[in-house]
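Student: Output the structure for:
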Amino acid sequence: MSGQLERCEREWHELEGEFQELQETHRIYRQKLEELTSLQTLCSGSINKQKTRLKDLKHTLQRYKHHASREEAELIQQMSANIKERQNVFFDMEAYLPKKNGLYLNLVLGNVNVTLLSNQANCVTFCGGVYQCRFAYKDEYEKFKLYLTIILLLGAVACRFVLHYRVTDEVFNFLLVWYYCTLTIRESILISNGSRIKGWWVSHHYVSTFLSGVMLTWLCPVPAILLPEGLPLQAAGSGREESSGPHGGRVPVLDVAGPHLPPAFPVLWPFLAALQCRHVV
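Tutor: Sure, this is the predicted structure:
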């Protein structure tokens, strides 16, 4: 027992020494973190000040350009080109600085910093969490698109030729909604970190998210309360003879010529007709 107690005591002293080193390392880490935050604030303020002054200078040059001589016009053109190049440099610099999220990221994630601080292909531990570096995050984004595209293609084929069930259709459409929502979030994070993703590409995914949501809710039955009063009765009795009607005693399911229908119903007719055709198919 005495030998085991001595080993435990030696291990405790070793742990105590390592703990002292850990405390010192953590103190240095917090100090560097505070310095980093101060440098980020200083750089952001300086960039904003430079942008404002360059903007004023550009407007002044544009006003003076109409009354300048040939040599002065060449000088103004050169300065304008330098200003444009400087703005591109600011864009690259801001990619490494915290910035306010756009409306979409604020709605989805809240006011959280999504800036990735390194271009290396590995991951680093920063601010108490694992922050994937820029290239690694971009690589994960590409892998996510590839794998989910393959899964969705297989799922579409299975739903079309193998699994003819309403539940599988709803699961597939829910997967589509989740896929496109996740894509838009990841692309917004990449744009916040300086990625030059084309606007039409992101807009295409927003539209796809909306259409996937329509497909998901399209499978749900239309509540009777959303239909005109006479339509459910006509749909239920479409196979029986009616005592009166504009079609020889038989009233079609989607007859919009009846005087009992509200004036706004012709606007809804194409959607209800498409719904009816889908159920027939």
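Student: Can you name every helix or strand that the top helix by length along the chain contacts?
Tutor: Counting by DSSP state H, the longest helix found in the chain is helix 2-65. Where contact means 3 or more C-beta pairs under 8 Å, 6 or more residues apart in numbering; DSSP states H and E, helix 2-65 is packed against helix 70-94. C-beta here means a position set from N, CA and C on the backbone, and glycine is covered the same way.
Student: now the helix it packs on, how far from the chain's geometric center?
Tutor: Put simply, helix 70-94 sits 33 Å off its chain's centre (C-alpha atoms, centre = their mean, to the nearest Å).
Student: angle of that helix against helix 2-65?
Tutor: Here helix 70-94 points in a direction 160 degrees away from that of helix 2-65 (axes from the mean of the first three to the mean of the last three C-alpha atoms, to 10 degrees).
Student: buried residues in helix 70-94?
Tutor: Using 16 or more other C-beta atoms under 10 Å as the test for burial, helix 70-94 gives 76, 94.
Student: same check, this time on stretch 20-33
Tutor: Going through stretch 20-33 with 16+ other C-beta under 10 Å, nothing comes out buried.
Student: Put the alpha carbons of that stretch into CSV.
Tutor: This file holds the C-alpha atoms of stretch 20-33, laid out as CSV (Å, rounded to 0.1, in the frame of the first residue of the first chain):
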residue,chain,number,x,y,z
GLN,A,20,1.3,25.3,-13.7
GLU,A,21,2.6,25.2,-17.3
LEU,A,22,-1.0,25.0,-18.5
GLN,A,23,-2.0,28.0,-16.5
GLU,A,24,0.9,30.0,-17.9
THR,A,25,0.1,28.9,-21.5
HIS,A,26,-3.6,29.9,-21.0
ARG,A,27,-2.5,33.3,-19.7
ILE,A,28,-0.4,33.9,-22.8
TYR,A,29,-3.3,32.7,-25.0
ARG,A,30,-5.7,35.2,-23.4
GLN,A,31,-3.2,38.0,-23.8
LYS,A,32,-2.7,37.2,-27.5
LEU,A,33,-6.4,36.9,-27.9
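Student: going forward can the numbers begin at 12, since that is how I track them
Tutor: Fine by me, first position is 12 from now on; the one you just mentioned is stretch 31-44.
Student: can you count the residues close to residue 111?
Tutor: 9 (other C-beta atoms under 10 Å).
Student: So it lies in a strand, does it not?
Tutor: No - counting by DSSP: H, G, I helix; E, B strand; the rest coil, residue 111 is not found in a strand; it is coil.
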